[in-house]
Each structure stands twice: as structure tokens, then as C-alpha cells.
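sequence and computational prediction follow.
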Amino acid sequence: MLQCYAYALALCPINQHSARWGLIKINGAEAGLVQIMEVALFNKAFHAVMLDRGPLWFTGFGARDDWQAFFHTFNREFKPRLGRKRRILPETTLEILPFARKQPYPAYQTIWIDLRQSSEELRTALRKNWRSALKKAEGFALQLESDAPLKHLPWLLKRYEQDKQSRKYHGAAPKTLIALAQHFAPLDDMLLLRARKDGRDIAAVLIFIHGKAATYQIGWTSPDLGRKCNAHHFLLWQAMDMLKARGVEDLDLGGVNDLSAKGVKSFKEGLGGELVELCGQYK
């Protein structure tokens, strides 16, 4: 999602960034796209360049030689110098940046689900405890609501913030989520799904769609009835079905780690997707 055009339109004003978009050509053929964020002050005496989770390759491209050709060009365009800071988080597991210094941070991890599989294949891929929880949720006959996502966003963000404070975890700021929603919702590229039981909203998930993929952004479950009914399992399963119907091919479940959010990682792994660890962050 960080390479999505709507993402740049939403976040550049908040972060005081500008965006640069590039079409990658290799031997004359269109090979991919890239979105780069920049901050420049004092006629670029201070210059920050951020390439997050890119570039994106077209079918038939993305081999090691392609990555190296791209980053040699990137390095020539944004040469290291005094006053320039570079943050490079390539969307690859390959070690392909010999010219850049790797940062001593844990490598970014996420979980991808291939939605091109049939519903039966997806259900079989679920871990046993996740599948059991989903079956239990389905027994509660929960109602699924997906109407007026922008109308219900403030409700979700209030509960999301309360949950962050009580459980002390990091997550996107509400102003960021509001800006994203304002750009994705008019394109019909935003899902805010709610689970209802006994006249109450007991859980919700927020998902953004970008091209043939989607990203799970945040979720909330009420600590009483929502957890009892495994409402979060129900919502994610329903979301996968809705995304498949729209032709979305991949679901990015968002960043995971073994340090500050081990339980979240275990929950997401239960959906049976592929755990991907990128090559690292460079400067």
C-alpha cells in the first residue's frame, strides 16, 4: 500500500512530504513503477529520500539483475552526501543493495494470503485452532455490516485508540487513518466491516484496497461479547470472501514481529498465509 498513489496523496500533506513517481524501463520495455517520498529544505541542502516497500515490478520483471539495475540508477540519482538522508526499504527478500549501509533494525515481516485460491483451499490452509474459532463464530449467527464506512470510521477510531492505550501497542495515528480513508473511500477501495450481535457492534476491521492487493489496517473487538463470539475471526474470513469477489488477488495482513506483538503475529499466522521477511532497511 505504501507504493499506492492514493497513499501518497493522503500522507504527503500530513507529513509535509512531496512525492515523485517513476516508470522503470529496462532495455526499452516498461518494467515497473516506483513511488518515492521527499523532503527538501534550503534548496535541497537538506534532502530526505524515502523509498518504502518498492519498487513494484510488472509481470516478467523483478529478477536480481532488475533490482540491481534499478538501485544503481537510484544511487546515481540520489547520491549519498552531507545533508541527504536516505531510507530504503525494498519490497524483496533478496540482498541487492551493495552500495547502501544496512540499518541495525529487525527486518520487516508481514504475512500475505493468496486470494486466488478457492474458499475451500483457504479454509483448509487455516491452522486448526483458527479454523475451530471460525466455526465457533459462525455458530453465533453474527450479522455482517459494511455500510457507510466513512460514517462509522470515527466510532472505530475511538475504540482503536482506547485499545492502543490500554494494551500499550504502537499503531497508525488516527489522523493518518482519516486521511487514508478520505482518499480510498471515494474510490470504493475501503472496507470497514462490523460484526453485530444482539443489536450491538462487537468488532470491526478496516481494510484498504490498492490495485490487485489489499492491506488489513486495523481492527477492534469488544472484550466481552466480541471475544466470546470470535468476531474478529468472522470478520477477516468475510473480508477475504468479499475481496475475492472483487478480483483482489492478495491480502497483506500488515507488519508482524516477535518482540512487541507476538500474540498478533500468532493470530495472523493462523490464517495460513506466507510469512515474508524483507531484506532489511538501508540508508
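Here it is on my side, so go on. Predicted model, so just to flag it, every value in this text is computed and none were measured.

how close does G272 sit to D114?
In this structure, G272 and D114 are separated by 10 Å, where distance is defined by C-beta to C-beta, to the nearest Å. Just so you know, the C-beta spots here come from the backbone N, C-alpha and C atoms, and that holds for glycine as well.

more neighbours: which of the two?
G272 (19 against 14; other C-beta atoms under 10 Å).

touching, that one and I113? I think so.
Yes: with contact defined as C-beta atoms under 8 Å, G272 reaches I113; the gap is 7.4 Å.

mind listing the shared neighbours of those two?
For the pair G272 and I113, residues contacting each of them under the criterion C-beta atoms under 8 Å, 6 or more residues apart in numbering are L122.

now do the strand ranked longest in the chain, average pLDDT.
Among the elements of type strand in the chain, defined by DSSP state E, the one spanning the most residues is strand 29-41. Along strand 29-41, the predicted local confidence has a mean pLDDT of 97.

what are the contacting residues of the following helix or strand past it?
Of the helices and strands lying after strand 29-41 in sequence (DSSP states H and E), the nearest is strand 46-54. Under the criterion C-beta under 8 Å, 6+ apart, residues 2-3, 17, 33-41, 74, 78, 83-91, 108, 278 lie in contact with strand 46-54.

now, of the residues you listed, which are buried?
With neighbours counted using 16 or more other C-beta atoms under 10 Å, the contacts of strand 46-54 contain these buried positions: 2-3, 17, 33-37, 39, 74, 78, 84, 86, 88-91, 108, 278.

what helix or strand is A239 on?
Under the criterion DSSP H and E, the helix or strand holding A239 is helix 231-245.

now the helix or strand following that helix against helix 231-245, angle please.
On the C-terminal side of helix 231-245, the nearest following helix or strand under DSSP H and E is strand 250-256. In this structure, strand 250-256 runs at an angle of 140 degrees to helix 231-245, with axes from the mean of the first three to the mean of the last three C-alpha atoms, to 10 degrees as the basis.

so what touches strand 250-256?
Residues lying outside strand 250-256 but in contact with it, judged by C-beta under 8 Å, 6+ apart, are 1, 108-115, 207, 212-217, 239-240, 243, 264-265, 268-269, 271, 273, 275.

so what strands line up beside that strand?
Based on DSSP bridges, the strands next to strand 250-256 in the sheet, each with its direction, are strand 109-114 (antiparallel), strand 213-221 (parallel).

for it, C-alpha coordinates in CSV please.
Taking C-alpha atoms only, strand 250-256 is exported to CSV below (Å, rounded to 0.1, in the frame of the first residue of the first chain):
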residue,chain,number,x,y,z
ASP,A,250,-3.5,-10.8,-2.4
LEU,A,251,-4.2,-9.7,1.2
ASP,A,252,-1.3,-8.2,3.1
LEU,A,253,-2.1,-8.7,6.8
GLY,A,254,0.3,-6.0,7.9
GLY,A,255,3.5,-5.9,9.8
VAL,A,256,4.3,-8.6,12.5
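
show the contacting residues for L187.
Applying C-beta under 8 Å, 6+ apart, we find L187 in contact with A6.
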